[in-house]
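Engineer: next one to model:
(one chain, ligands or ions: 1)
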Amino acid sequence: MRLDRFLTGQTALSRKEADALIRSGAVTVNGAAVRKPDTAVHAETDAVTLRGNPVIYSEFHWFLLHKPEGVITAARDPKQKTVLDLLKPEDRLPRLAPCGRLDKDTAGMLLITDDGGTAHTMISPKHHVAKYYLAQLRDPFKPDYPAAFRNGILLREGDADLQCQPAECAAIGSRLAVLELHEGKYHQVRRMFAAVGNHVEKLLRFQIGTLQLPPDLPQKCYLPIFNKDVESALKKSDISDACAFCAAYYSSYWINDSF
Ligand code: URA
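Structural biologist: Numbers count the residues shown, from 1 in each chain. From the prediction side, this is the model:
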């Protein structure tokens with residue numbers, strides 16, 4: 001791979017910026033300054049530095065963001081703040097995109113990646129990756145919700161009914177519900193609770209597969225994540241474990257300001 005391509009794939013530099021830095025002597029390969037942008041490098045084995053800092057190669061990049069309310073899930077938008085705007089300029093690598101979406105007024109775990117193939121597996125209903133939400137409801141959770149959700153809620157879409165896949169739900173407080181979904185229809189959680197006569201006041205996604213939103217990660221902050229975390233996000237999971245985690249760490253999410 002060419003050195004300039006290596007740099008534009010691993011940093012937020014444009015091709016022009018990368019070329020200028022290489023020509024200025026700011027880039028070394030295996031300890032020696034290299035001033036030709038088309039120099040061939042072995043991405044996995046050569047040691048590349050930029051202004052003295054190592055540039056570690058990774059084929060794909062993943063970030064786990066604690067999305068706050070008020071930010072839209074998009075890569076760019078002419079008017080509104082997007083989740084990618086929350087990344088530091090040096091982390092805004094080319095081809096990064098949100099993996100799935102959360103509504104503007106939903107908070108919680110959002111993965112951002114340039115690995116479109118794995119992102120598709122994670123999002124596609126075919127692969128049954130579970131997403132877990134905590135919903136603060138207007139009215140108390142009713143004992144008949146779990147059966148109604150398991151039977152598949154019907155959502156009104158224009159003149160037609162849209163059948164949801166079976167979903168699990170459980171109460172962790174009188175007005176706090178945990179919901180496990182394997183698909184992502186538009187406003188799905190809000191519309192499912194509306195279909196049973198309730199209303200979602202606040203919504204948080206706290207888990208994907210077995211990958212949990214770290215309780216010490218404040219809103220608007222993010223972490224790079226690696227293969228084992230991505231594998232966790234694809235793993236089969238269980239609503240009772242998710243409920244225990246959520247009850248322990250997120251049941252007062254909207255009460256105190258600690259997030
Ligand atoms: N369901 C919703 O209603 N909103 C979200 O952001 C995610 C799931």
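Engineer: dump the residue contacts of Arg191.
Structural biologist: Leu155, Lys185 (Cβ atoms under 8 Å, 6 or more residues apart in numbering). Yep, even glycine has a C-beta here, placed from its N, CA and C like the rest.
Engineer: the ligand contacts on the chain?
Structural biologist: Leu102, Asp103, Thr106, His187, Gln188, Val189, Arg190, Leu203 (Cβ under 6 Å from any ligand atom).
Engineer: pLDDT score assigned to the nearest residue to the second one once chain neighbours are set aside?
Structural biologist: Spelled out, that is Asp103. Distances taken as Cβ to Cβ, 6 or more residues apart in numbering place His187 nearest to Asp103, at 6.4 Å, with adjacent residues excluded. Note for His187: predicted pLDDT of 95.
Engineer: now do Gly209
Structural biologist: With respect to pLDDT, Gly209 has a value of 98.
Engineer: low-scoring pLDDT stretches of the stretch 151-259 of the chain, where are they?
Structural biologist: 256-259 (pLDDT under 70).
Engineer: show me where it has strands.
Structural biologist: Secondary structure of the stretch 151-259 of the chain, counting by DSSP state E, counting those that start in this stretch: strands at 154-157, 160-163, 168-173, 176-181, 200-208, 211-212, 222-225.
Engineer: neighbouring contacts of the longest one?
Structural biologist: Right, strand 200-208. Under the contact criterion Cβ under 8 Å, 6+ apart, strand 200-208 has outside partners 102-103, 105-111, 122, 129-138, 189-190, 193-194, 212-213, 233, 237, 242, 245-246, 249-250, 253-254.
Engineer: buried stuff in that strand?
Structural biologist: Neighbour counts over strand 200-208 (16 or more other Cβ atoms under 10 Å) mark Val200, Leu203, Leu204, Arg205, Phe206, Gln207, Ile208 as buried.
Engineer: turn the residues you listed into TSV, columns for distance to Val34.
Structural biologist: Shown next, in TSV, are the buried residues of strand 200-208 (distance: Cβ to Cβ, whole Å):
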residue	distance to Val34
Val200	55
Leu203	50
Leu204	48
Arg205	44
Phe206	46
Gln207	44
Ile208	41
